[in-house]
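Participant: got a predicted model here, sequence first, then my questions.
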Amino acid sequence: MTPVHDLAVLQQALDQVAELLNGLDRAALSDRTPCEEWTVQDLVDHVVAAPENFARMLRREPIDWSASPSAGEHPTEIFRAHAADLLAAWHDVDDPAQPVSLDWQCAELAVHTWDLATALRLPTDGFDPEVAERGLAFMRANLTHDRRGPAFGPERQAPEEADSYQRIAAFAGRSVNLTPLP
């Protein structure tokens with residue numbers, strides 16, 4: 001079992017994404033995101049599937065990473081169901097050598113929280129910094145140059161006054177601009 005505080009941090013990461021999805025304007029779905037190849041819809045589909053994929057990993061079930069399931073008309077509800085499944089899977093973990101790190105999940109969720117908030121022209125300074133800080137520590141320890149692949153560009157310099165979500169985004173290769181988008 002994972003310590004209670006760790007699960008609380010993961011719960012906070014999941015809640016933040018759910019809040020962004022809940023406020024999503026359907027008119028924004030075709031807008032571009034900081035993920036160069038993705039629209040907001042593509043990012044939403046990816047984010048909604050992430051908790052379920054992590055839950056399957058924890059249960060050591062096969063995952064089809066090439067599948068691109070749609071988040072459908074009600075992405076918040078689907079995401080919350082997947083989030084609940086992920087948290088339940090963590091409660092069932094009794095193997096200390098679990099196949100996926102909770103901090104890896106924080107990294108995934110924090111980077112995409114920044115991506116989605118930025119695409120929606122929302123600030124990230126009000127989000128829980130511990131989620132992004134844990135994710136960034138994990139990425140710094142594990143995301144070497146040769147492991148960046150197509151999902152992560154070379155690390156970029158974050159502005160000195162950047163918040164924790166902007167710092168993890170810059171580490172993930174995103175271009176972080178502190179000037180609000182038009």
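Facilitator: Cool, got the structure.
Participant: what helix or strand is E130 on?
Facilitator: helix 129-142 (DSSP states H and E).
Participant: what does that helix rub up against?
Facilitator: 9, 12-13, 16, 101, 103-104, 106-111, 113-114, 163-165, 167-168, 171-172 (CB atoms under 8 Å, 6 or more residues apart in numbering). The way it works is simple: take the backbone N, C-alpha and C, and place the C-beta from them, glycine included.
Participant: show the subsequent helix or strand relative to it.
Facilitator: Using DSSP H and E, the helix or strand that follows helix 129-142 towards the C-terminus is helix 164-171.
Participant: neighbours around P123, how many?
Facilitator: 13 (other CB atoms under 10 Å).
Participant: so for the helix holding E130, mean pLDDT?
Facilitator: Mean pLDDT, helix 129-142: 95.
Participant: tell me the angle it makes with helix 164-171.
Facilitator: If you take axes from the mean of the first three to the mean of the last three CA atoms, to 10 degrees, helix 129-142 sits at 20 degrees to helix 164-171.
Participant: list the buried ones in helix 129-142?
Facilitator: Along helix 129-142, these residues count as buried under the neighbour rule (16 or more other CB atoms under 10 Å): P129, E130, V131, A132, E133, R134, G135, L136, F138, M139.
Participant: only C-alpha atoms, please: export it in CSV.
Facilitator: Extracted in CSV, the C-alpha atoms of helix 129-142 (Å, rounded to 0.1, in the frame of the first residue of the first chain):
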residue,chain,number,x,y,z
PRO,A,129,2.9,22.9,-6.5
GLU,A,130,3.7,19.5,-4.8
VAL,A,131,2.3,17.6,-7.8
ALA,A,132,4.5,19.3,-10.3
GLU,A,133,7.6,19.3,-8.0
ARG,A,134,7.3,15.6,-7.4
GLY,A,135,6.8,15.0,-11.1
LEU,A,136,9.8,17.2,-12.0
ALA,A,137,12.0,15.4,-9.5
PHE,A,138,11.0,12.1,-11.1
MET,A,139,11.6,13.4,-14.6
ARG,A,140,15.0,14.9,-13.7
ALA,A,141,16.0,11.5,-12.3
ASN,A,142,14.7,9.4,-15.1
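Participant: now do it: distance to the chain's middle.
Facilitator: 12 Å (CA atoms, centre = their mean, to the nearest Å).
Participant: tell me which residue is most central in this protein.
Facilitator: L109 (1.7 Å; CA atoms, centre = their mean).
Participant: what does that one show for phi and psi?
Facilitator: Dihedral angles of L109 (phi, psi; degrees, to the nearest 10) stand at phi -70, psi -40.
Participant: quick one: it and H46, what's the gap?
Facilitator: 11 Å (CB to CB, to the nearest Å).
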